[in-house]
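Student: Give me a 3D structure for the following:
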Amino acid sequence: MNQILKIPNGTEAQAAVYTEQVVSHYKNNPLIEALPPIFSKEEVIQSLASYPFFDPEERYADSHYRFHMIQQLLSYFQPLPIHIDLEMRISRLIRQGYISRNPMTPQYAASFVQGYEDIRKKQITSFPQGSSSGLTIIGVSGMGKSSAINRILSMMPQVICHSDYRGTQLSMYQVVYLKLDCPPDGSIRGLINNFFVEIDKLLGTDYLKRFGKNGKLSAASLIPIVSQIARNCNLGLLVVDEIQNLSLAKSGGAEQMLSFFVTLSNSIGLPTVLIGTPKAMSLFSEFRIARRGSGQGDMVWEPMRKDGQSWKLFLEGMWDYQWLRKPTPLTEELNDAIYEASCGITDIVVKVFIMSQIKAITSGIEELTPQLIRNVAKENLKLVQPMLKALRSGNPVQIAKYSDIQPVQIDGFLATEQSKLELGSMLKTFQKAHQDQKNGIERLKKDAIVRLMLLGVPEKEARFLIQKVVDQNPKIQKVNEMIQEAYKQYLGITADEKIAEKVEDEFDLRLIVNKGREVGKSAYQSLKEAGIIVSDFLNAGDAI
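Tutor: Numbering: from 1, shown residues only. So this is what the prediction gives:
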């Protein structure tokens, strides 16, 4: 197991463990050798998959428990081909970015000298990198872009601590990845401050205080500082989410921000991943920026197609998680209904499935039907209907208008549906449960009295002792516990182990049957006479 180190005022770092590389141009580079191995497709699937716990017996739990069980589906994550593709691209990006930043080469030290000069001159010297250095992901909200990126990044340690590389002192930190959200106003200064905050959290530094809150430093003069910090902490990958916010930036702000990412790539070879909705498509009209953003190819993350492999894999995997009394097989009609409601957007698929199950419980039908799914979607997806309509039209212009789906909230829906449960029904259930519990205790008491009499306790005293035990411990549920406690009080003995042994000996089935055989009795007759079979004084099926 890798050693974990605590960074003062920062996070935890994994002590570097270097592994031999198969790929020749990855060899003899501590920043690459300290990374996890290159994962196979099978390993990626195993690491990304998240399937909630499910026991078919839970379908018979009371509704208020099942409401909680159903919401486990929010953690459901089915790896799809696009996730495997994305993991492979990110793996290549990080390693390719480190090739030109090998700490064991003279160029590595020279880059810090140049970085210092850039800060002094308030401009960055660009050294175009030969390797691919960017990836752009565009897709409508709700497709799981950000959650997929987070899961993939979590497969690697975020911070690695180096101290010695093959006998050479190497004292430094390596931040493998950093993920930022583009500020709502699309400003460079806001993004840079976010950068300072995240680095401070990881490494215990005070960059925000020194530079971010320094009103004398302009955004332009901060860019060389960011570049030098990224170089100093050996940043492997910069991920910027919500880049559609750049469309809200002031005149020229979007181009300036994208140029900033290109500058980081050109100056230190830092790979960048930009994530956004279709609103961000117009930002990449400039060829230079678009080329840099597509170093590993752009990725348009479209909703799942109904006839596609991903839709079938996702829906069939999820469909088994039904907490309804009448689980329904996935039919073509149900498939049509849930696709029509969601247009193949993963977030909506999961939440429609959750809400449909809740509706099936509160309505009492306890099964999924196409009409129920359609009604749930019609009543609870009103805010996203314009977006879904645009997706159904296939018109890119219409889709771009509604690229940001409002999150589908299920908390309010759940509270409303729970309130619809009739109070009378709830009281009836409570009364029945109380009566069942009471009847169960009475059966236990009756059985315990008979068995206590077999131990030589007079019937009147046995009834008194058993009632006394129940009064002292109303939650008692086992007949042997009743007998042991009552018999202990009868004999006035406090050694629980001795009593337990005596009772156990009295009710050793093998001993009872063998004694009966000695006098010609059948096993059934012997057990019945010993009080083990109690059908004579309990209703059939009531023995405990």
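Student: which residues of this structure fall in strands?
Tutor: 4-6, 12-15, 134-139, 159-165, 168-175, 178-181, 238-241, 272-276, 299-301 (DSSP state E).
Student: Could you check the pLDDT of residue 34?
Tutor: pLDDT, the model's per-residue confidence, is 97 for residue 34.
Student: need the helices for the stretch 51-200 of the chain, in chain order.
Tutor: Taking DSSP state H, counting those that start in this stretch as the criterion, the stretch 51-200 of the chain carries its helices at 63-70, 81-99, 106-121, 145-153, 188-203.
Student: Lowest average pLDDT across these?
Tutor: Of all the helices of the stretch 51-200 of the chain, helix 106-121 has the smallest average pLDDT, which comes to a mean of 87.
Student: Please work out which residues outside it touch it.
Tutor: Here helix 106-121 makes contact (CB atoms under 8 Å, 6 or more residues apart in numbering) with 100-102, 124-125, 224-225, 227-228, 231-232, 267-268. The C-beta positions use only the backbone N, C-alpha and C, and glycine is treated the same way.
Student: Quick check: the farthest pair among these?
Tutor: Spatial extent of those (CB to CB) is set by the pair 102 and 225 at 23.5 Å.
Student: neighbour count winner among those two?
Tutor: More crowded of residue 102 and residue 225, by other CB atoms under 10 Å: residue 225, with 22 against 15.
Student: quick revisit: buried ones among the contacts of helix 106-121?
Tutor: Buried by 16 or more other CB atoms under 10 Å: 100, 101, 124, 224, 225, 227, 228, 231, 232, 267, 268, out of the contacts of helix 106-121.
Student: measure residue 12 to residue 173 for me?
Tutor: Distance of residue 12 to residue 173, computed by CB to CB, to the nearest Å: 12 Å.
Student: what sits in contact with each of these two?
Tutor: residue 159.
Student: Which one of the two is surrounded by more residues?
Tutor: Neighbour count, other CB under 10 Å: between residue 12 and residue 173, residue 173 has more, with 20 against 13.
Student: and that one, what is it in contact with?
Tutor: Contact analysis of residue 173 by CB under 8 Å, 6+ apart lists 7, 13, 159, 160, 161, 162, 203, 233, 234.
Student: wait, isn't residue 21 in contact with residue 34?
Tutor: No. With contact defined as CB atoms under 8 Å, residue 21 does not reach residue 34; the gap is 10.9 Å.
Student: any idea of the pLDDT on residue 534?
Tutor: Looking at residue 534, its pLDDT reads 50.
Student: oh, and call the first residue 811 from now on, that's how I've got it
Tutor: Sure thing, new numbering starts at 811, so read that last one as residue 1344.
Student: Tell me the spacing between residue 1037 and residue 935.
Tutor: To residue 935, residue 1037 is 10 Å away according to CB to CB.
Student: one step back: got the buried ones among the contacts of helix 916-931 as TSV, with pLDDT columns?
Tutor: Formatted as TSV, the buried ones among the contacts of helix 916-931 follow (pLDDT from 0 to 100):
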residue	pLDDT
910	89
911	91
934	75
1034	90
1035	92
1037	91
1038	93
1041	93
1042	94
1077	73
1078	78
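Student: mind showing which ranges of the stretch 1111-1260 of the chain have poor pLDDT?
Tutor: Applying pLDDT under 70 to the stretch 1111-1260 of the chain flags residues 1203-1250.
Student: quick one, helices of it?
Tutor: Using DSSP H, counting those that start in this stretch, the helices assigned to the stretch 1111-1260 of the chain run over residues 1119-1129, 1142-1152, 1156-1173, 1180-1190, 1195-1203, 1206-1211, 1221-1229, 1233-1264.
Student: Walk me through the domains of the protein.
Tutor: Domain segmentation of the chain under automatic domain parsing yields 814-844+891-941+953-1082, 1119-1229, 1234-1317.
Student: so can I have a markdown table of these showing distance to residue 1088?
Tutor: Below are the domains of the chain laid out as a markdown table (distance: least, CB to CB, whole Å):
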| stretch | distance to residue 1088 |
| --- | --- |
| domain 814-844+891-941+953-1082 | 8 |
| domain 1119-1229 | 4 |
| domain 1234-1317 | 47 |
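Student: who wins for proximity to residue 864 among the ones you listed?
Tutor: Shortest distance between residue 864 and these, using CB to CB, is found for domain 1119-1229: 5.4 Å.
Student: burial count for residue 818?
Tutor: Neighbour count for residue 818, taken as other CB under 10 Å: 6.
Student: Residue 998 too?
Tutor: Considering only other CB under 10 Å, residue 998 is surrounded by 21 other residues.
Student: what residues are up against the residue nearest to the spatial centre of the chain?
Tutor: Central residue of the chain (CA atoms, centre = their mean): residue 885, 4.4 Å from the mean position. By CB under 8 Å, 6+ apart, the contact set of residue 885 is 860, 862.
Student: thinking again about what came up before, more neighbours, residue 831 and residue 844?
Tutor: With neighbours defined as other CB under 10 Å, residue 831 and residue 844 compare such that residue 844 has more, 24 against 17.
Student: Could you measure from that one over to residue 918?
Tutor: Distance from residue 844 to residue 918, by CB to CB: 15 Å.
Student: same thing with residue 924?
Tutor: 11 Å.
Student: With residue 1037 instead?
Tutor: Distance check for residue 1037 against residue 918: by CB to CB, it reads 15 Å.
Student: for the strands of the chain, which one ends up most surrounded?
Tutor: Each of the strands of the chain was scored by mean neighbour count; the highest is strand 1082-1086, a mean of 25, by mean count of other CB atoms under 10 Å.
Student: So which elements touch that one?
Tutor: Applying 3 or more CB pairs under 8 Å, 6 or more residues apart in numbering; DSSP states H and E, one finds that strand 1082-1086 contacts strand 944-949, helix 955-963, strand 1048-1051, helix 1063-1078.
Student: Which one, of the ones you listed, ends up nearest to residue 1301?
Tutor: The closest of the helices and strands packed on strand 1082-1086 to residue 1301 is helix 955-963. By CB to CB, the value is 63.4 Å.
Student: Thank you kindly, that will do.
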